[in-house]
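Peer 1: Here is a sequence with its predicted model. Questions after.
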Amino acid sequence: MNAENKYVRFDWAVKRMLRDKANFGVLEGLMTVLLGEQVHIVELLESEGNQETSDDKFNRVDLKAKNDKGEIFIVEVQLTRELYYLERILYGTAKAITEHIKLGNTFKEIKKVYSISIVYFDLGKGSDYLYHGTSKFVGVHTKDTLQINVKEDGAIRMKTPEEVFPEYYIMRVNQFNDVATTPLEEWMDYLKNGHIKDDTTAPGLAEAKEKLQYMMLNNADRHAYDEHQTAIMIQNDVLSTAREEGLAEGRAKGIAEGRAEGIAEGRAEGIAEGRAEGRAKGRAEGRAEGLEEVARNLKNMGVSVRDIALATGLSEDVVHSL
């Protein structure tokens with residue numbers, strides 16, 4: 001891809017460029033492809049929830065939008081490992097629901113929430129690159145789906161739980177290895193590789209071609225984007241190297257300590273137990289030392305303490321102390 005056809009990464013654009021109303025078409029396209037129906041964004045909402053108490057948790061998301069039906073869309077891009085990611089997106093949807101219903105409103109005013117997660121790390125097992133989750137109440141014995149009576153516009157109609165409860169989309173970017181032929185595959189190709197076909201008809205990508213061209217950035221934005229790219233490469237390299245070094249050092253310590261302890265005890269079971277315990281202890285120490293080294297490097301790069309804690313699994317107190 002030559003410089004004229006180079007497009008900025010979505011994770012950077014969603015934080016810097018796509019918050020402009022003139023660029024809503026890109027986001028609308030992604031949501032349209034996922035939901036299978038036209039989505040029109042009317043406004044962006046505050047992406048960080050207010051704390052109701054001093055110890056209440058913040059709800060940080062990359063982007064939160066509302067369509068013309070009042071439905072709420074949460075878009076999160078996650079580059080580094082998050083051990084409690086399902087819990088995080090659950091909290092995000094719950095927070096969005098409560099933030100957007102006023103005291104005194106009836107529960108009828110609660111709006112549907114769509115959570116869209118674009119993840120660039122190994123989330124777990126699963127061979128697909130896109131997963132969709134809804135809430136359904138299924139009969140334990142009859143296997144039928146529960147439908148609820150609701151009153152709308154003076155008439156009684158049936159509503160299923162999935163019409164009310166949040167929906168979740170998880171896009172596993174690194175899992176996509178197909179040739180892009182459908183609109184969804186074209187979006188995945190852009191998210192992973194930065195590719196956009198010249199003749200694309202996928203919703204949102206035609207707008208992205210115009211809005212997200214690297215050569216169209218001003219000097220300040222281009223510099224900031226290049227720094228972002230460099231930081232991602234360094235962070236990924238540091239994490240990978242630390243993981244490998246931590247494992248190697250852990251194995252070496254485990255073997256050495258296991259042998260020493262086993263020989264001292266002079267029993268076969270002592271050798272076996274010592275080696276097992278030593279390996280486990282060594283691996284744990286090696287991993288811990290590796291993660292602390294990662295944290296130091298990220299801290300030197302200017303990454304926030306909270307994000308470092310999320311990326312490494314270390315506590316914020318430990319990160320502060322490094």
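Peer 2: Thanks, I have the structure now. Numbers count the residues shown, from 1 in each chain.
Peer 1: Give me the pLDDT value at Val61.
Peer 2: Turning to Val61, the model gives it a pLDDT of 74.
Peer 1: my bad, should have said Pro183
Peer 2: According to the predicted model, the pLDDT of Pro183 comes to 96.
Peer 1: excluding its backbone neighbours, what's nearest it?
Peer 2: Spatially, and ignoring its direct neighbours in sequence, Pro183 is nearest to Ala202 (3.7 Å; Cβ to Cβ, 6 or more residues apart in numbering). All C-beta atoms are positioned from the backbone trio N, CA, C, and that covers glycine.
Peer 1: got a list of what that neighbour touches?
Peer 2: Gly29, Val33, Pro183, Leu184, Glu186, Trp187 (Cβ atoms under 8 Å, 6 or more residues apart in numbering).
Peer 1: Contacts only, for the second one.
Peer 2: Val33 makes contact with Pro183, Leu184, Trp187, Ala202, Pro203, Gly204, according to Cβ under 8 Å, 6+ apart.
Peer 1: Tell me how this structure divides into domains.
Peer 2: According to automatic domain parsing, the chain comprises the domains 3-216, 221-321.
Peer 1: follow-up on the earlier one: among the contacts of Val33, which two are most distant?
Peer 2: Leu184 and Gly204 (11.2 Å; Cβ to Cβ).
Peer 1: what's the burial count for Gly290?
Peer 2: Gly290: 23 surrounding residues under other Cβ atoms under 10 Å.
Peer 1: so where's the protein uncertain?
Peer 2: Low-confidence segments of the chain, defined by pLDDT under 70, span residues 1-5, 47-60, 214-217, 222, 225, 228-229, 231-288.
Peer 1: any idea how far the residue most central in space within the chain is from Leu63?
Peer 2: The centre of the chain sits closest to Gln78, judged by Cα atoms, centre = their mean, with a distance of 3.2 Å. For Gln78, the distance to Leu63 equals 13 Å [Cβ to Cβ, to the nearest Å].
Peer 1: And Gly92, by the same measure?
Peer 2: Between Gly92 and Leu63 the distance, using Cβ to Cβ, works out to 12 Å.
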